[in-house]
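Peer 1: Turn this into a structure:
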Amino acid sequence: MKPIRALHPIREATALNISLRTRLTLVYGSLFLVMGIILETATYLVTTQAVKARFGILLTNQPAGFVPNDDPGSQTVKIMPAQVTDAIHHQIAVQQHAILKQLVQSSAVALIAVAILAVALGYIVSGRMLRPLQQITATGQRLSESNLHERIGLTGPNDEIKKLADTFDSMLDRLHRAFDSQRRFIANASHELRTPLAINRTVIDVAAAKPGAPETVKVLAGKLLTTINRQERLLDGLLLLARSEHELQERFPIDLAALTANTIEQLTERARSAGVTLTHALRPAYTSGDLILLERAAMNLLENAIKYNSVDDARVWVRTGQVNGRAWLQIENTGTAISPDQAEAIFEPFRRLRADRVGSAQGAGLGLSIVRAIVHAHAGVVSAAPPPAGGVVITLQLPAVSPQGSALILEGSTAAGS
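Peer 2: Model (predicted):
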């Protein structure tokens, strides 16, 4: 038999995700109500004893069963009938009950009125006490990598909340220095890592171009250049991934439809060479962000859809649109059927769905990881789902903005080999 769980108002309020201000108000109101009930009970007991004592004195001064003689000169008394004595005692009891009843009713009304006033005042006071916490919360929600220089700067008494705000400001100082250091590292690494590869490429090209260079040297030079090309793509991918995971410094209005149309135009010839039919339905999808990064995301998605689509009658569908405050880009391609777990795994760095992709010279396994980093930097989401017929559908969603101008709906297709 399961034990009955006792109800606790504060615990239940916490379980319902009620705000701290409301919970404090409930605490104030509950404590005041309990103390009021205790006070009213003590008052009732004291009043009861006082009433009984007062009416007891009256009964003592007026002996039961006797009444003074009407003649002032007589010292005798007349005996009072028992019925009259009982009536007097009954009347006294009725008066006592009426007094105590009136006390209870008046006390209850006063307690309810003062309790309501205490709850209202408690709500106001708790709001003022929690205002510094609201300032800390608002600052934390507003901060991002682009404005880490802002601080809470809470003023007031040196209490626990002031110490919390100062600790938060100290943490922001450390984060600001860390992000600045990381930006400088990425910029320096981009230069320092590209320089040796450029030197190696130049040396190999010069050696292979020398008159009378043996054929083996030319073959080796070709292999080395292929390796260098792969290392450069890997380096570009890693640097772009590191840049994409940072907060955007500036945002500009962008139409995903126009951006995607430009990407399709650049990859149309590659799709024809690969025997892939491109079909697109591009409706206006307005968002804001970094044009270069979003174009790279669209390029990576479309390149992957073309590159890893080795089936008969390979097709790729590209769609854009805007609905419920979200601008979206969706790319669907045919291919081998995969599981939902595999579909989500493709966003991990250096992850490929098939064994024949591992070690492939076609890419470094960072394309979709870069897409996810770019989307997250734009406060969006990206997801992958395998359709029943095979392949994968990748949907990119970004916060929509007001359109900056009219746009046409672009629809069409590019047949394979046409």
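
Peer 1: counting contacts, what elements does the helix or strand hosting Q182 pack onto?
Peer 2: Counting by DSSP states H and E, the element that carries Q182 is helix 160-209. Applying 3 or more Cβ pairs under 8 Å, 6 or more residues apart in numbering; DSSP states H and E, we find helix 160-209 packed against helix 82-142, helix 215-244. No exception for glycine: its C-beta is placed from N, CA and C like everyone else's.

Peer 1: Show me what the helix or strand just after the shortest one is packed against.
Peer 2: To tie it back to what came earlier, the one meant is helix 215-244. Going down the chain from helix 215-244, the next helix or strand is strand 252-255, by DSSP H and E. Packing partners of strand 252-255 (3+ Cβ pairs under 8 Å, 6+ apart): strand 286-289, helix 291-307.

Peer 1: Single out the most deeply packed of the ones you listed.
Peer 2: Greatest average neighbour count among those goes to strand 286-289 (a mean of 23), per mean count of other Cβ atoms under 10 Å.

Peer 1: Identify all contacting residues around that one.
Peer 2: 248, 251-256, 294, 322, 327, 377-378, 380, 398-404 (Cβ atoms under 8 Å, 6 or more residues apart in numbering).

Peer 1: picking that back up, make JSON lines out of the helices and strands packed on strand 252-255 and add distance to V219.
Peer 2: Formatted as JSON lines, the helices and strands packed on strand 252-255 follow (distance: least, Cβ to Cβ, whole Å):
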{"stretch": "strand 286-289", "distance to V219": "45"}
{"stretch": "helix 291-307", "distance to V219": "26"}
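
Peer 1: okay but T47 is in contact with Q102, surely?
Peer 2: No - between T47 and Q102 there is no contact under Cβ atoms under 8 Å: 10.4 Å.

Peer 1: Which one of the two is surrounded by more residues?
Peer 2: Comparing T47 with Q102 by other Cβ atoms under 10 Å, the one with more neighbours is T47, at 15 against 10.

Peer 1: and that one, that's in a helix?
Peer 2: Yes - under DSSP: H, G, I helix; E, B strand; the rest coil, T47 falls within a helix.

Peer 1: In space, what's closest to it - neighbours in sequence excluded?
Peer 2: For T47, ignoring the flanking residues on the chain, the nearest one in space by Cβ to Cβ, 6 or more residues apart in numbering is L103 at 5.7 Å.

Peer 1: same question, A118
Peer 2: Leaving aside its chain neighbours, A118 sits nearest to F32 (4.4 Å; criterion: Cβ to Cβ, 6+ apart).

Peer 1: which stretches of the stretch 1-150 of the chain have low pLDDT?
Peer 2: Counting by pLDDT under 70, the stretch 1-150 of the chain has low-confidence residues at 1-17, 55-86, 88-89, 144-148.

Peer 1: any chance of the helices and strands packed on strand 252-255 in JSON lines, plus distance to Q134 and mean pLDDT?
Peer 2: Shown next, in JSON lines, are those (distance: least, Cβ to Cβ, whole Å; pLDDT from 0 to 100):
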{"stretch": "strand 286-289", "distance to Q134": "28", "mean pLDDT": "90"}
{"stretch": "helix 291-307", "distance to Q134": "34", "mean pLDDT": "88"}
